[in-house]
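Asker: Sequence first, then the predicted structure:
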Amino acid sequence: MTTLIKGGTVVSATGADPAEVLIDGEQIVAVLQPGSTLADSAETGAERVIDATGKYVIPGGVDCHTHMELPFGGTFASDDFENGTKAAAWGGTTTIVDFAVQSFGQQVQESLDTWFAKAEGNCAIDYGFHMIVGDVNEASLKAMDVLVNEGITSFKLFMAYPGVFLSDDRQILLAMQQAASNGGMIMMHAENGIAIDLLAEQAVERGETAPINHGYVRRAELESEATHRAIQLAKVGASPLYIVHLSASEALEQVAIARGKGANVFAETCPQYLYLNLEDHLGAPGFAGAGYVCSTPLRSKHEHHHEDLWTGLRTNDLSVVATDHCPFCMKDQKDLGVDDFRAIPNGIGGVEHRMDLIYQGVVQGEISLPRWVELCATTPARMFGLYPQKGTIQPGADADIVLYDPEATWSISVDNHHMNMDYSAYEGFEVQGRVDTVLSRGKVIIENQSYLGAKGDGRYLRRGLSQYLL
Ligand code: URP
Ligand code: ZN
Ligand code: ZN
């Protein structure tokens, strides 16, 4: 089927111009100037015409950090691949890169097969995988080479969670050397988990068990120290480095210094670190703060983290916004830690709201319209070897397209979201702009506030190497 999207403003990472987009089947075949002979004949020939008057026409969002069904702290993230990817579609995200997990004592390839089985036939949108290497040993290092050839080209390591996922410096360096030789990207959870666990233990001994203590013990210095150490190790290992879910100004400073010296160091932040804070959210009355327990943690509003992160997004020291979507319900999940914040499963759901929340940065003058598209679609696609299939509107790209209404206003609520969560971290947030229509590989999956897709529409994406390294 051929489709013409006409009347809208096509926004790319480099600009925003009136243009018409012609789709044939699953792919974009032309971007045409309105009123041109080609556009007129495309309209005559198209089997379907979508009117985008007054709308932005943007590439579908690429969320390169999600955790559907992640096992954590004796429970599982509450969105499975079916529901989580549908919620992503509602919010204008048409690609996710989720994390397959090798836990301690497991084989990498077997763990990956488990994640393939969880996702296959269930996703509403296209998906790829990174691999969490939770047990760096000779076999997992060899497996990293195999995975790169299978389209899993990025590997997450943890400097946090001792006894669960933590890799020591020897393991980190070994994995970095492996990535240096096979072209993979090392993604780092940069927090000093050994120091954090000590502080957490001491806090609980003093009777400080409420959710806010999660933020107090995961100090910004310990994110900054780990970020610095990861950068130095990457230099020694000659590997590229991508810092995930960066939240503290001090950690951003380390990234900026390294980038200033020309290092292949990249960093991502997430909407929660731009809009939520330690005192009002993690410190919410009663046990409500548990809904905001995530790692790295939310930072103090009395410091300047939010402002610094927005600056980093402008200067490109932060080059990606992802969600770290890892939802848990308050009931039976977050409340596992009602007597001890250490037992609260770590994570916040947000896959549905990233495009809207970051668009507020455009509305408020923090970033430009093209930068919104670059941070949320184009750069994540390039960073993780999906470009130009994803993250752009150009001939040959998949027809993953969002019509975005810049004037709509609404407020985020547990009552209108589609994620499997019994609360919203952004309850009551007034938002300008809203997803109007979503196409995934040419198929309209969201229209007129209805979901028209089907389970299994989404396909597995075999990714290439990061295009920032070539
Ligand atoms: O709190 C978080 N971020 N949960 C998900 C796991 C991770 O470290 O990304
Ligand atoms: Zn992490
Ligand atoms: Zn994560």
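Answerer: Okay, I see it. Residues are numbered from 1 along each chain as shown. Ligands and ions are numbered 1, 2, ... in the order given.

Asker: Which residues of this structure lie near ligand 1?
Answerer: Within the chain, the positions lying close to ligand 1 (C-beta under 6 Å from any ligand atom) are 67, 189, 245, 294-295, 324, 326, 346-347. C-beta: built from backbone N, CA, C; applies to glycine.

Asker: so which of those residues comes closest to residue 231?
Answerer: Minimum distance to residue 231 across the residues of the chain next to ligand 1 is 14.1 Å, recorded for residue 189 (C-beta to C-beta).

Asker: The nearest residue to that closest one once chain neighbours are set aside: neighbour count?
Answerer: The shortest distance from residue 189 to any non-neighbouring residue, by C-beta to C-beta, 6 or more residues apart in numbering, is to residue 158 (4.4 Å). Neighbourhood size, residue 158 [other C-beta atoms under 10 Å]: 23.

Asker: which residues sit in contact with residue 158?
Answerer: Listed by C-beta atoms under 8 Å, 6 or more residues apart in numbering, the contact partners of residue 158 are 132, 134, 164-167, 188-189, 193.

Asker: among those residues, which are in helices?
Answerer: Residues of the contacts of residue 158 located in helices (DSSP state H): residue 193.

Asker: Compare the contacts of residue 158 and tell me which has the most neighbours.
Answerer: Of these, with other C-beta under 10 Å as the count, residue 188 tops at 29 neighbours.

Asker: Quickly list what that residue is bridged to.
Answerer: Beta-bridge pairing for residue 188 (DSSP bridges): residue 157, residue 243.

Asker: Turn the residues of the chain next to ligand 1 into TSV, including pLDDT, secondary structure and distance to residue 437.
Answerer: Output for the residues of the chain next to ligand 1, formatted as TSV (pLDDT from 0 to 100; DSSP: H, G, I helix; E, B strand; the rest coil; distance: C-beta to C-beta, whole Å):
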residue	pLDDT	secondary structure	distance to residue 437
67	98	coil	28
189	98	strand	36
245	98	coil	30
294	98	coil	31
295	98	coil	36
324	98	coil	27
326	98	coil	28
346	98	coil	35
347	98	coil	30
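
Asker: Same question for the longest helix anywhere in the chain: list its buried residues.
Answerer: In the chain, taking DSSP H as the definition, the longest helix is helix 220-237. For helix 220-237, burial by neighbour count (16 or more other C-beta atoms under 10 Å) applies to 220, 222-231, 233-235, 237.

Asker: Kindly provide the distance from the spatially most central residue of the chain to residue 244.
Answerer: Most central residue of the chain, judged by C-alpha distance to the mean C-alpha position with C-alpha atoms, centre = their mean, is residue 322 at 2.5 Å. Noted for residue 322: a distance of 8 Å to residue 244, by C-beta to C-beta, to the nearest Å.

Asker: again, but for residue 309
Answerer: Residue 309 is 14 Å from residue 244, by C-beta to C-beta.

Asker: swap in residue 254?
Answerer: With C-beta to C-beta as the criterion, residue 254 and residue 244 are 14 Å apart.

Asker: got the contact list for the lowest-mean-pLDDT helix or strand in the chain?
Answerer: In the chain, no helix or strand scores lower on mean pLDDT, DSSP states H and E than helix 37-45, which sits at a mean of 94. Residues from elsewhere that reach helix 37-45 (C-beta under 8 Å, 6+ apart): 2, 4, 6, 20, 22, 30, 32-33, 49.

Asker: Give me the buried subset of those.
Answerer: Buried, going by 16+ other C-beta under 10 Å: 4, 6, 20, 22, 30, 32, 49, out of the contacts of helix 37-45.

Asker: Do you know the pLDDT at the closest residue to the first one other than its chain neighbours?
Answerer: Closest residue to residue 4 in three dimensions, ignoring its sequence neighbours and counting by C-beta to C-beta, 6+ apart: residue 46, at 4.0 Å. In the prediction, the pLDDT value recorded for residue 46 is 96.

Asker: So which residues of the stretch 51-200 of the chain form helices?
Answerer: 81-90, 108-119, 138-149, 169-182, 193-205 (DSSP state H, counting those that start in this stretch).

Asker: same for whichever helix or strand residue 250 is part of, what does it pack against?
Answerer: For residue 250, the enclosing helix or strand under DSSP states H and E is helix 249-260. Using 3 or more C-beta pairs under 8 Å, 6 or more residues apart in numbering; DSSP states H and E, the elements in contact with helix 249-260 are helix 220-237, strand 265-269, helix 305-315.

Asker: got JSON lines for those, with mean pLDDT too?
Answerer: Shown next, in JSON lines, are the helices and strands packed on helix 249-260 (pLDDT from 0 to 100):
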{"stretch": "helix 220-237", "mean pLDDT": "98"}
{"stretch": "strand 265-269", "mean pLDDT": "98"}
{"stretch": "helix 305-315", "mean pLDDT": "98"}
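
Asker: Minimum distance to residue 100: which of these has it?
Answerer: Nearest of the helices and strands packed on helix 249-260 to residue 100, taken as C-beta to C-beta: strand 265-269 at 18.4 Å.

Asker: Spell out which strands sit alongside the closest one in the sheet and which way each one runs.
Answerer: strand 241-243 (parallel), strand 320-321 (parallel).

Asker: Tell me how far the first one lies from the chain's centre.
Answerer: The one in question is strand 241-243. 14 Å (C-alpha atoms, centre = their mean, to the nearest Å).

Asker: who touches it?
Answerer: 154, 176, 185-188, 190, 227, 230-231, 234, 251, 255, 263-268, 383.

Asker: And the closest residue to residue 424 other than its chain neighbours, how far from residue 186?
Answerer: Among residues not flanking residue 424 along the chain, residue 414 sits closest, at 4.4 Å (C-beta to C-beta, 6+ apart). Distance of residue 414 to residue 186, computed by C-beta to C-beta: 36 Å.

Asker: neighbour count winner among those two?
Answerer: Taking neighbours as other C-beta under 10 Å, residue 414 and residue 186 compare with residue 186 leading, 25 against 13.

Asker: Test my guess that that one contacts residue 157.
Answerer: Yes. In terms of C-beta atoms under 8 Å, residue 186 counts as a neighbour of residue 157; the distance is 6.3 Å.

Asker: ok, which stretches of the stretch 351-470 of the chain are strands?
Answerer: Using DSSP state E, counting those that start in this stretch, the strands of the stretch 351-470 of the chain run over 401-411, 430-440, 443-447, 450-451.

Asker: Okay, now the sheet partners of the second one, with direction.
Answerer: Strand 430-440 has these partner strands in its sheet, going by DSSP bridges: strand 401-411 (antiparallel), strand 443-447 (antiparallel).

Asker: residues making contact with the first one?
Answerer: Spelled out, it's strand 401-411. So strand 401-411 is contacted by 5, 8, 21, 23, 28, 50, 52, 54-61, 92, 94, 355, 359, 393, 416, 428-439 (C-beta under 8 Å, 6+ apart).

Asker: For the residue of the stretch 1-150 of the chain found nearest ligand 1, which non-adjacent residue is spatially closest?
Answerer: Residue nearest to ligand 1 within the stretch 1-150 of the chain: residue 67 (5.2 Å; C-beta to the nearest ligand atom). In this structure, residue 67 finds its nearest non-sequential neighbour in residue 326, 4.1 Å apart by C-beta to C-beta, 6+ apart.

Asker: Show the backbone phi and psi for that neighbour.
Answerer: phi -150, psi 70 (degrees, to the nearest 10).

Asker: Many thanks, I have nothing further to ask.
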